[in-house]
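> next comes the sequence, and after it the predicted model I'd like to discuss.
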Amino acid sequence: MAGIVFLKTENLARILEFYTGRVGMSVWLEQPDITILRHENLLVGFQQHDTSDVTGVITFFYPDKNDVDAMYQALHDAALEPPRTNERYRIYNFFARDPDGRLIEFQHFLHELPAWK
């Protein structure tokens, strides 16, 4: 089973540039007024609309802490604070905002994960 999360955006071109150019997602599928982006098993569709969905959090996770640090270096101007260890959830992470103001998270789990592929 697979799924896609769809979000509205007021500026599709700006959002696509951010997620493909800065976050490293790739275009998976294009439809009229919608582009679906992919990051490994994550599919997010952005739809051109007169408003933007900015609630919730899009989380990207990485196999290594160094990957989170690299994303922080690439997005430091959009980051809310530097990466840190969160003992409660046993993750290493930081949060940033995309051009719509949507909260995005970049994290590494500090424990073993169940198989997901």
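Good, I have the coordinates. Note that the structure is predicted; figures quoted are calculated from it, not measured.
> longest helix anywhere in the protein?
helix 65-75 (DSSP state H).
> buried stuff in it?
65, 67, 68, 69, 71, 72, 74, 75 (16 or more other CB atoms under 10 Å). Heads up, the C-betas are built off the backbone N, CA and C, glycines and all.
> mind giving me the packing neighbours of the helix or strand immediately after it in the chain?
Heading C-terminal from helix 65-75, the first helix or strand you meet, by DSSP states H and E, is strand 84-86. The contact analysis (3 or more CB pairs under 8 Å, 6 or more residues apart in numbering; DSSP states H and E) places strand 84-86 against strand 91-97.
> can you list contacts of the strand it packs on?
By CB atoms under 8 Å, 6 or more residues apart in numbering, the list of residues contacting strand 91-97 from outside reads 57, 65, 68, 71-72, 75, 78-86, 103-110.
> in that strand, what's buried?
For strand 91-97, using 16+ other CB under 10 Å, the buried residues are 91, 92, 93, 94, 95, 96.
> need these in CSV (columns: distance to residue 61).
CSV is the format used below for the buried residues of strand 91-97 (distance: CB to CB, whole Å):
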residue, distance to residue 61
91, 8
92, 10
93, 9
94, 12
95, 13
96, 14
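> chain center to stretch 34-53: distance?
10 Å (CA atoms, centre = their mean, to the nearest Å).
> now the terminal residues of it, how far apart.
End-to-end distance of stretch 34-53 (CA to CA, to the nearest Å): 14 Å.
> what's the average pLDDT for it?
Computed over stretch 34-53, the mean pLDDT rounds to 95.
> am I right that residue 110 is in contact with residue 90?
Yes - here residue 110 reaches residue 90: they are 4.6 Å apart, a contact under CB atoms under 8 Å.
> neighbouring strands for the helix or strand residue 29 falls within, and are they parallel or not?
If you go by DSSP H and E, residue 29 is part of strand 26-31. Under the criterion DSSP bridges, strand 26-31 sits next to strand 34-39 (antiparallel) in its sheet.
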